[in-house]
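1. I would like the atomic coordinates for the input below:
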Amino acid sequence: MIFRSIVGRLWVMIVILAVISLSVLGLSLAQLFEQYYFNLHGQQLIREGKQLAQIMTSIKDPDEKAREILLVSKFIGSTIVVVDQRGMVEACTDTSALPPGMHAHSPEMMKVWSGGTSISSGKMPGSERPSLTAAVPIVQGGQVSGAVLLYAPQDAMEATVGQVRRLIILAAGATIVLATVLGFFLSRRVSKPLLGMQKVALAMADGNFGEKVPVNSGDEIGQLGTSLNTLSARLKQTLEDLSREKERLNNTLTSITDGVITLDLDGNIISLNQPARQYLSLWGAGQTGGVGVEHLPDLIRNSYNGVLAENEAQDGEVVDEDRVTGVRAVPLRDEGGTVTGVVVALQDITKEHRLEQMRRDFVANVSHELRTPLSFLQGYTEALIDGMARDEEQRQSYLNIIQDETLRLRRLVDEILDLSMLEGQLPMAREQVDLRGVILRVARNLKPEADRRGLTFVVNVDDKLPAVVGDEDRLAQVYVNLLDNAFRYAGDNGRVEVCAASAQGNVQTIVSDSGAGIPPSELPLIWERFYKVDKSRSRSQRGTGLGLAIVKNIVQAHHGIVEVDSTVGKGTRFTVSLPASVQNLYLEGTDS
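-> Numbers count the residues shown, from 1 in each chain. Here you go, the predicted structure:
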C-alpha cells in the first residue's frame, strides 16, 4: 500500500503541511483584509460625519438639516441621522426607519456624548440589513449639542470581502494541488535513492555484492549511498577473506591424517574431517555429522564430559584388534575464554605402540644376549682362577670359550654402535668400489658358515659388473648382514643365492633364501630397529633385530634402494640397487 511506503508518507506529510499552512494563511489574509476594509471604510465615514457635524452647527432649522443631509446622502451612499443633545432624531434621510422626534438608541452614543467618535458594525434601526455605523459629535461652544450618525450598508463590502475570500480559497486550492503534485515528485525523487539502497541491501543479504547504489548528489542521501557502496565492497572483501580462511582450514583438516571432531555444548557433531569419518565408520557411529556424542565410543564420550566438567584437556586410547587410536579432547574457547565446545583429535598411534613394544623386546633381547656371554665369561674366568682346569687342554678349551663369547659380545655392541652412528649421518668414504670383488669376498668368507648349516649356497655375479662410488667396508657390511640373515632363516638344507648384475644405470644385487618367508602384514616392519619376525626362533639364532635396519641406512646413504619380496612358505628375496659410478656423484655425509 502506497501510504505505508516512504513515498506515500512523505507525500502525505507534504500535502498536510501545505493544507495547514495555506489554510492558516488564507484565513489570516481574509481576516486581515476584512479588518483593513472595515477600518478604511469606517475612517472614511468618520471624516464624512465630521464634515456634516461642522455643517450642522450652522443650521438651526430642522427642515433645512433634513434637506442638507438628504443631499449629502446621495453622494456618500449612507443613511444619515442627526440627533439633538437629548438623543432625539432631528432629521433623517430615511424617516421610515427613524422619524423625527424618535429617540435614537445606539451604543455608540455614550462615547459621542463624551466628545469622542465611534465606529461599529451592526444593523440600522428599523432594518435587518447589516451596516457599518459611525457616530460623530456636534460641538458648539465647546459643548456637545448633538450628533451625526452615518449608517453605510455592508453589502458591497461583504461582496468584496467574499470575492477576496474566494480568490484566496482558489489560490490556496491551486497551491495545494500544485504542492500535492510537486510533493509527490519530490518524495519520489527523495525516495528513489532510498529504494535503490533497499535493493542493494537485500542483494547484500542474499550474498550478491555486485549491486551498487547510483550516487548523483553530494547531499546526505548521496553520502549514505556512498557509505552503503563502501560497506558492500568491504563486506564482499571480508566474506572472501573468510571464505579463503575457511577453505584453507578445510584443506588443512582434509590434508592431515589425524581425525578431528568438533562438538558443541549439546554434544552435537558440528564438523569432522575425512579421517574422523573413517574412525566413526569403523566404530559403527556413521559417517556424517548428524550424530551426537552419545553414538561415539565410551572413551570419547567420557573425554567430552571430562572437558566440560573440568575445563581442561583429556587424553586416552581406544584399542581395537589391530589398531590403537590416541584420543585427545580439548576445550574450544571464544575470545572471552568461555568454553563453546570441544575438539577431539584422533591419532593412529599403532606404530608408536609397536615401536615401544619393539623397544621393550629389544631391551629384553639385548639384556639376554649380554647376560649369556657375560655369564660364560664370568663362569669360565672363575674356573680358571680357582684352578678347576685339570690339564692344559681343558684350560685352553676354557680360554677358547671366553674368546668366542668376548667376540660375540663385541659383535653385539658393534651392531648397536653402527646403527647409532648411521642414524647420526656417519661420514663415509667416497671412492670407486669394485662391487663384484666385495660380493665375492663376502661370499667366500661366509661359505664355511653355509656349509656348517648344510645350505646350498650359490653365487652368480656378472663378470662386467660396474663399479660404484661409496664406502667399501660399509657396502661389505650390507652383504654380510643380508647373507647372515638368509643363512639363519633359510632352514636346514635350504638354499641361499646371491646374484649381481647391471640394470638401467644401477648395480642390482639380489639375495634370496628358501626359508619360511615373512607374513605380508610384517613386511613394512622389518626395517624397524629391534624388530624380529619370529621372536622365539630369532632368539635361538642370537639375532638382535638390528641387521636390516643397518642395511637400509647404509644403502640410503649411498643413494640406493633396498626392497623385499617374500612369500610365506616359499622364501624371501632382498634386492639392493646402487647407482653405477658417475663422475661428481656425492654421498650423504661427504663433501662433494
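
2. got the CA coordinates for the helix or strand encompassing T133 in CSV?
-> Secondary structure from DSSP states H and E places T133 in strand 130-140. Below are the C-alpha coordinates for strand 130-140, written out as CSV (Å, rounded to 0.1, in the frame of the first residue of the first chain):
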residue,chain,number,x,y,z
PRO,A,130,-26.0,44.8,8.1
SER,A,131,-24.4,48.1,8.1
LEU,A,132,-21.3,50.0,9.3
THR,A,133,-22.2,52.7,11.8
ALA,A,134,-20.2,55.8,12.5
ALA,A,135,-21.1,58.4,15.3
VAL,A,136,-19.6,61.9,15.3
PRO,A,137,-20.5,64.6,18.0
ILE,A,138,-21.8,68.1,17.0
VAL,A,139,-19.8,70.6,19.1
GLN,A,140,-21.0,74.2,19.6
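
3. for it, packing partners?
-> helix 6-56, helix 109-113, strand 118-123, strand 143-153, helix 155-205 (3 or more Cβ pairs under 8 Å, 6 or more residues apart in numbering; DSSP states H and E). Every C-beta, even on glycine, is put in place using the N, C-alpha and C of the backbone.

4. the strands in the stretch 301-450 of the chain, which residues?
-> All strands of the stretch 301-450 of the chain, identified by DSSP state E, counting those that start in this stretch, fall at 314-319, 324-333, 339-348, 431-433.

5. With the stretch 451-592 of the chain instead?
-> Going by DSSP E, counting those that start in this stretch, the stretch 451-592 of the chain shows strands at 456-461, 468-470, 495-503, 506-513, 561-567, 571-579.

6. State the mean pLDDT of stretch 552-570.
-> Average pLDDT, stretch 552-570: 89.

7. end-to-end on it?
-> 23 Å (Cα to Cα, to the nearest Å).

8. for stretch 555-562, same thing?
-> Terminal residues of stretch 555-562 lie 7 Å apart, using Cα to Cα.

9. Report the buried residues of that stretch.
-> For stretch 555-562, the neighbour count (16 or more other Cβ atoms under 10 Å) marks V555, A557, H558, H559, G560, V562 as buried.

10. Next up, the contacts around the third one.
-> Under the criterion of Cβ atoms under 8 Å, 6 or more residues apart in numbering, the contact list for H558 reads M428, V468, V469, G470, D471, R474, L475, L578, P579, L587.

11. how close does it sit to V576?
-> H558 sits 9 Å away from V576, going by Cβ to Cβ, to the nearest Å.

12. just the fifth one next, same as before
-> Distance, G560 to V576, using Cβ to Cβ: 6 Å.

13. pLDDT score assigned to the residue positioned nearest the centre of the chain?
-> Geometric centre of the chain, nearest residue: L242, 4.8 Å, by Cα atoms, centre = their mean. With respect to pLDDT, L242 scores 83.

14. Adjust the sequence numbering to begin at 598 for everything that follows.
-> Renumbered: residue one is now 598, and that last one reads L839.

15. Quickly find the element holding it.
-> Per DSSP H and E: L839 is located in helix 817-852.

16. Can you give me the neighbour number for R786?
-> 11 (other Cβ atoms under 10 Å).

17. Return the distance of it relative to V1161.
-> According to Cβ to Cβ, R786 and V1161 sit 86 Å apart.

18. again with L1062
-> Applying Cβ to Cβ to L1062 and V1161 gives a distance of 22 Å.

19. ditto for I656
-> 159 Å.

20. Who has more neighbours out of the two?
-> Higher neighbour count among I656 and V1161: I656, with 17 against 14, using other Cβ under 10 Å.

21. okay, the residue lying closest to the more buried one once chain neighbours are set aside: pLDDT?
-> Leaving aside its sequence neighbours, I656 sits nearest to K662 (Cβ to Cβ, 6 or more residues apart in numbering; 5.1 Å). For K662, the model assigns a pLDDT of 72.

22. what's the neighbour count on the residue lying closest to G639 once chain neighbours are set aside?
-> Leaving out its chain neighbours, the residue that sits closest to G639 by Cβ to Cβ, 6+ apart is I716, at 3.7 Å. Neighbour count for I716, taken as other Cβ under 10 Å: 22.

23. Repeat that for V1148.
-> 23.
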